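> I need the structure of the sequence given here:
(chains A, B, C and D)
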4 protein chains.
Amino acid sequence: MLDETAKGVFTIAVTPFTSDGALDLDSVDRMTDFYLEKGATGLTVLGMMGEAGKLTAEESLSVVKRVVARADVPVVVGVSSPGFASMTALSDSVMEVGAAGVMIAPPGSVRTDDQIVTYYQNAAKAVGDAPWVLQDFPLVTGVQIAPKVILKIVEECPKCVMLKHEDWPGLEKISALRKASDEGARRISILCGNGALFLPEEMARGADGAMTGFAYPEMMAQIVEAANAGDMDRARDIFDAYLPMVRYESQPGLGLAIRKYTLAKRGAIADGALRAPGPKLSAATIAEIEALATRQERALARLG
Amino acid sequence: MLDETAKGVFTIAVTPFTSDGALDLDSVDRMTDFYLEKGATGLTVLGMMGEAGKLTAEESLSVVKRVVARADVPVVVGVSSPGFASMTALSDSVMEVGAAGVMIAPPGSVRTDDQIVTYYQNAAKAVGDAPWVLQDFPLVTGVQIAPKVILKIVEECPKCVMLKHEDWPGLEKISALRKASDEGARRISILCGNGALFLPEEMARGADGAMTGFAYPEMMAQIVEAANAGDMDRARDIFDAYLPMVRYESQPGLGLAIRKYTLAKRGAIADGALRAPGPKLSAATIAEIEALATRQERALARLG
Amino acid sequence: MLDETAKGVFTIAVTPFTSDGALDLDSVDRMTDFYLEKGATGLTVLGMMGEAGKLTAEESLSVVKRVVARADVPVVVGVSSPGFASMTALSDSVMEVGAAGVMIAPPGSVRTDDQIVTYYQNAAKAVGDAPWVLQDFPLVTGVQIAPKVILKIVEECPKCVMLKHEDWPGLEKISALRKASDEGARRISILCGNGALFLPEEMARGADGAMTGFAYPEMMAQIVEAANAGDMDRARDIFDAYLPMVRYESQPGLGLAIRKYTLAKRGAIADGALRAPGPKLSAATIAEIEALATRQERALARLG
Amino acid sequence: MLDETAKGVFTIAVTPFTSDGALDLDSVDRMTDFYLEKGATGLTVLGMMGEAGKLTAEESLSVVKRVVARADVPVVVGVSSPGFASMTALSDSVMEVGAAGVMIAPPGSVRTDDQIVTYYQNAAKAVGDAPWVLQDFPLVTGVQIAPKVILKIVEECPKCVMLKHEDWPGLEKISALRKASDEGARRISILCGNGALFLPEEMARGADGAMTGFAYPEMMAQIVEAANAGDMDRARDIFDAYLPMVRYESQPGLGLAIRKYTLAKRGAIADGALRAPGPKLSAATIAEIEALATRQERALARLG
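Have a look, this model is predicted:
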């Protein structure tokens, strides 16, 4: 079961499809092995970058089952939904097949501090005994959650054990939350998203690790390890070597296609295709990815 | 099967729930009867105002089956989805159980003229042989579709047989589309939404009727009838009698709860509850609805 | 000077232009007389519907001077600005020429409760001694202000004397604020916008009047008078007679052109033109306005 | 006068203020010298990152005059405005004092292809003889402009001489535009924004340089030079050395404060303060900037 001590790298898993759009469950196994090899301490499935909205309910559950059966680390499942009844149904079914916890983003209609707190109080009831992750991603949800609102939710909802931190800019938010837990608030796990674009700074501010899906997840594992060992310079060296690609993969709309291209090239999945509708990479884009990969290898070789 | 000659009132059906949030299939029957009694020439289910996002896949299909089994008019089903695979799955399953057609809104990510046309070309492939309705609702989708883009879609997609018109302001769009069909473009059905707030003007501009869900759907039927008989003054008299309530029901966020309250009061459904999360009506709001209903009865009595 | 006792109708003034886009100061006089004749107890200039963003700084000030010189009622001036320095400059200059107060909408970047309170504390400093109006218009600003946040601002900022209420739906907000002032909070004036589309209900909930610009401002004056006399039925009768036009004028994007067309027809301004870029009315739209005006006259005649 | 041959780096100038918020014209001189020393081939003032909205009309003009008087390179001035009359007024006044051209972003209300073309045709009339830059920044404006729409504007508006390219992702757009000019369309200058986060790829796709304001503008000059010399590897080496800071400065809301902090530290302006309201940097943020600057120096030293 997921709890407040979670740390390291919860890799956001893609959902692999064949080139004709069928769900590719064999690749789900391969991808799970790949993520674990590259240092995942947990996995997150059916997230925004997992094309969850393009899956039928049966497909969603079959992905969760397959990942849970294969992985020996906690699996978090995205269960955000416009209705609490379907949130309960999805949450119950994934917990039953072995998920370690669920993740909940707020709907765009909750805006004021009290609306946000009330929403999460009710969502907490909807998922019952499942430990859950508060997904704070204002760029996509449109919902700005102040640190004191997060602390109120943490206080009122004992099953809220983790913040998926994806505010931008969001470094001060980590500092504020850690200061509060130093002063007595319950300390929950903070794992950071945003494609790892700020991971060294996030670790230094008090994050416990990353929850994001960059196609070279070993980067996150190594940065977290170095940061935990107190070697921020080493953490930054690793980060800098990967940063040109991190940045290239961060392009909205196109980023997931870039990520899946690389994962396919690395053998983690059979095919890099997105399920339709989704962008296709041009020859020029693929050439840019390859050029960045070549330079990245050189930079890593220099690092040793 | 739905085709370009569709006209009259396609009532947007609510989805009835019991007070504890369970799907109320008995009320689905009652509601279907009610809508037909009040002059519906078609029904639309699983729309935005049908709380479609709060239903599980099985619940969605059971609602469609129940309505189709009960109604002797064409039933249109909303199948908008982030992915074409799930759109195909839902469309196929509802057509198989007897739906007359499906309705598709564009995702917020398509913005330029060509992106919109391409999206609908692909969506048309996704729903195959099913006749479909183009849902044009910029206020919610964020997608502005120019009349010439609609005409291009109509030209390229022979199964597109209806526009659900819900642009605001949108009267000029109806005029532009009708002018184009007078000049040779394929003429499709235009049914108007926006809670009927502009129905008299929409009819005069060339609409074929309404597709919306005001809790007194007999208003739409009577306006369409009067307009088709060329008696715009009668159409406006009816409209004016209901307008204070139409306006009150048009409040975003709260409108559906007001509509369901009235439907429950009129006996169309057993309970006016929305599935959580959803607003609850205060005593003051209920008193306002009742005051409006009383005045509406008086106004209708004066009309005769 | 504006204070908490303000009530009645603060008409939102348009800004008149000649057909070639020049500022028409003669029409400013005529319009001011017209609004006063029709029952304005105050005027609001340089609001969102006053095309304020299309005026140069000199033009803005000349409009304010002209209105202030002509009107014997309090004049409120919109001074919202991305920067406090320019807010101070504009506020000081309009107060110096005789404005009674200023109006401030929040920028879209403030979202959490504390951000909103802090913004208004600083804005209050920026306008110094000027009494000011809190403009609460979430549909346009994107900022949702909870009743308790308004109460906090009222508590901390003694110069905040009025709420321009334009939330939608917003009736419960009026009730919540009035309940709080019954229980001891400082009571400020609440004048309502939204084109008067909910004025009878707003008055019944405790509003002090209207601040909006419908082209028949005598409607607002009569509704407020009837409501204050406790004759809600009379208030609603008047409202219903005008409602078809109120609704037609509420079309976003097009509404101001409709309003100015009517004001020109009624002789309040010389020309209904908007400054470019702005929509032009089609012949069909003009015919619809005229048809509505004719029916409105009949309905008013029936009312007596 | 600005024309289609413009290339290199048009640095987006900040607007310097003293710590109490007064416009600091002495720093305008110093900053102008700094930008020129660091390789600017042009300057852009009163842009979104120049806090233009916080300046009064007189202040705006005084900044333009000061920069034009000091710089021996073309100066582009942002003149976007809700109204064409004020756009004309501002454009005329800045061209009169020596600006080389003006820059125009579309209002959020134009969405369809034809609306965008019509808007720019009218804006072109508004600025008359002034050469102008089409600012394409969908993330902020909400307006998606397809390549074919840009080409149509270029065809119809001979004074449109430059695209400020800030779509994201936007690399394919550069390729499409360059392909079109290879096939006969008029070739305009393309300078890229987005904080230089994609500059190497943008140059390789056919951009003529950068128009952005990173606090180390020598980076842009060196990348453009290396790319023009065909040495993309050198261009990428330079880019990679600065990328950690480029990324850190790209934080929305906070980025400008980070940029001004660095510019003040480098002596380009006397004080890094933003005009209120604006964020202040925490001690932790300043420590992060300093750590990045130290590492950047080391990386540059390695590069030679």
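
> alpha carbons only for contacts and neighbour counts from here, please
Fine.

> would you mind listing what in chain A touches chain B?
Applying C-alpha under 8 Å from any C-alpha of the partner chain, we find that chain A lies next to chain B at A:21, A:53-57, A:81-86, A:119, A:275-277.

> are any of the residues you listed buried, and which?
A:53, A:54, A:55, A:56, A:81, A:82, A:83, A:84, A:85, A:86, A:275, A:276 (16 or more other C-alpha atoms under 10 Å in any protein chain shown).

> ok so, going back, now intersect the residues of chain A next to chain B with the helices, please.
A:57, A:84, A:85, A:86, A:119 (DSSP state H).

> of those, closest to residue A:215?
Nearest to residue A:215 among those, counting by C-alpha to C-alpha, is residue A:57 at 26.4 Å.

> surely the closest one is in contact with residue B:55?
No - in this structure, residue A:57 is not within contact of residue B:55 by C-alpha atoms under 8 Å, at 11.4 Å.

> ok, longest helix in chain A?
Ranking each helix of chain A by length (DSSP H) puts helix A:283-303 first.

> now do the buried residues in that one.
Those would be A:285, A:288, A:289, A:292, A:293, A:295, A:296, A:299, for helix A:283-303 by 16+ other C-alpha under 10 Å.

> which residues in the stretch 51-200 of chain A form helices?
A:57-70, A:84-96, A:113-127, A:138-141, A:147-156, A:171-182, A:199-205 (DSSP state H, counting those that start in this stretch).

> what's the shortest one in contact with?
Outside of helix A:138-141, the residues within contact range by C-alpha atoms under 8 Å, 6 or more residues apart in numbering or on different chains are A:105, A:106, A:107, A:108, A:144, A:145, A:166, A:167, A:168.

> reformat these as JSON lines; add distance to residue A:48.
Below are the contacts of helix A:138-141 laid out as JSON lines (distance: C-alpha to C-alpha, whole Å):
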{"residue": "A:105", "distance to residue A:48": "10"}
{"residue": "A:106", "distance to residue A:48": "13"}
{"residue": "A:107", "distance to residue A:48": "14"}
{"residue": "A:108", "distance to residue A:48": "15"}
{"residue": "A:144", "distance to residue A:48": "18"}
{"residue": "A:145", "distance to residue A:48": "19"}
{"residue": "A:166", "distance to residue A:48": "12"}
{"residue": "A:167", "distance to residue A:48": "15"}
{"residue": "A:168", "distance to residue A:48": "17"}
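
> what does chain A have sitting close to chain D?
A:168-169, A:197-198, A:201, A:240, A:243-244, A:247-248, A:251-254, A:288.

> tell me the buried residues within those residues.
Buried among the residues of chain A next to chain D by 16+ other C-alpha under 10 Å: A:168, A:197, A:198, A:201, A:240, A:243, A:244, A:247, A:248, A:251, A:254, A:288.

> nearest residue to the second one in space, please, no chain neighbours.
Beyond its immediate neighbours in the sequence, the residue positioned closest to residue A:197 (C-alpha to C-alpha, 6 or more residues apart in numbering or on different chains) is residue A:246, lying 6.6 Å away.

> next one: residue A:71
residue A:32 (6.5 Å).

> could you measure from the one you found over to chain D?
Using C-alpha to the nearest C-alpha, to the nearest Å, we find residue A:32 at a distance of 29 Å from chain D.
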